[in-house]
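J.: Got a sequence here, can you model it:
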Amino acid sequence: MSYNRATLSRKRPCLARSVLWATLCFIATIGADVAVAADARLTLREVQSTIDEGVYELDAKLEIQLPEDARKAVDAGLTLTLAYEVEVSRERRFMPDDGIATLEQRYEVSYHALSQRYLVKNLNTAEQQDFGSLQAALDRVGELRGLPVLDTALISDDAVYQGRIRAVLGLNTAPDVLGWLLFWTDDWSATSDWKSWTLKP
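T.: Here you go, the predicted structure:
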């Protein structure tokens, strides 16, 4: 009995090392894939604002082209972050435009392995939704509807106001202890061009 126990105790560390090595190789492979994820493209379309109860509200459509490598990274536990950066300024003829308002609308997209669902979290409101596919989750964060931008009382009728918006997509490391193995992904991001529109009274 003592011989069997001694043999078993020697095998357990060996098995643990094998599992750890396989895990490290898997994570390193994912990291290499993520490094080429810079092919992601963000394109803003259909940007416009309307007035609802004295507030300018913004609608926009964002097309997200995400490479397969980045999709695999999300499935492996990494989190996508999407931020809409919005600026409103008053045009001036002989001086730089006067900034009136800035705001940021932020989302997170992650994969929940237990439920096999993709989670979308609005970081401004903490509201959370889940979807059956990553594409459905991306479609959700790519549609901006009724975002409050500016109170109409803050602008005057005798001036011209311009708004502009861009989207910034990032890929964060996993929050678990293995996240340090993917530290190089912290610098990965994709940014759309600025898209402008005129605020009409």
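J.: If you count neighbours, what's buried in the lengthiest strand in the chain?
T.: Counting by DSSP state E, the longest strand found in the chain is strand 98-112. Residues Ile100, Ala101, Leu103, Gln105, Tyr107, Glu108, Val109, Ser110, Tyr111 are the ones in strand 98-112 that count as buried (16 or more other Cβ atoms under 10 Å). In short, each C-beta sits where N, CA and C put it, glycine included.
J.: Return the list of strands paired to it, each annotated with direction.
T.: strand 79-90 (antiparallel), strand 117-122 (antiparallel) (DSSP bridges).
J.: Regarding Ala159, what is its secondary structure?
T.: When the structure is split into helix, strand and coil by DSSP: H, G, I helix; E, B strand; the rest coil, Ala159 lands in coil.
J.: Quick check: Glu87 touching Thr102?
T.: Yes. Under the contact definition of Cβ atoms under 8 Å, Glu87 touches Thr102, with a separation of 5.1 Å.
J.: now, which of the buried residues of strand 98-112 sits nearest Gln48?
T.: When these are compared for distance to Gln48 (Cβ to Cβ), Gln105 comes out closest, at 15.9 Å.
J.: Pull the contacting residues for the closest residue to that closest one other than its chain neighbours.
T.: Nearest in space to Gln105, with sequence neighbours left out and distances taken as Cβ to Cβ, 6 or more residues apart in numbering, is Tyr84 at 4.3 Å. Residues in contact with Tyr84, defined by Cβ atoms under 8 Å, 6 or more residues apart in numbering, are Ala60, Leu62, Glu104, Gln105, Arg106, Leu144, Leu147, Ile165, Arg166, Ala167.
J.: Whichever of the residues you listed end up buried, select them in PyMOL.
T.: Selection of the buried residues among those in PyMOL, burial being defined by 16+ other Cβ under 10 Å:
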select buried, resi 60+62+105+144+147+165+166+167
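J.: so which of the contacts of Tyr84 comes closest to Gly77?
T.: The shortest distance between Gly77 and any of the contacts of Tyr84, using Cβ to Cβ, involves Arg106 and amounts to 19.9 Å.
J.: how much space between Leu169 and Lys72?
T.: As defined by Cβ to Cβ, to the nearest Å, Leu169 lies at a distance of 16 Å from Lys72.
J.: more neighbours, the two?
T.: Applying other Cβ atoms under 10 Å to Leu169 and Lys72 shows that Leu169 carries more neighbours, namely 25 against 15.
J.: residue ranges with poor pLDDT in the protein?
T.: Judged against pLDDT under 70, the low-scoring parts of the chain cover residues 1-38, 92-99, 173-188.
J.: Let me know whether Arg164 touches Trp194 as I believe.
T.: Yes. Here Arg164 lies in contact with Trp194, judged by Cβ under 8 Å, at a distance of 4.8 Å.
J.: For these two, indicate the residue with more neighbours.
T.: Taking other Cβ under 10 Å, Arg164 and Trp194 do not tie; Arg164 has more neighbours (16 against 12).
J.: All set now, cheers.
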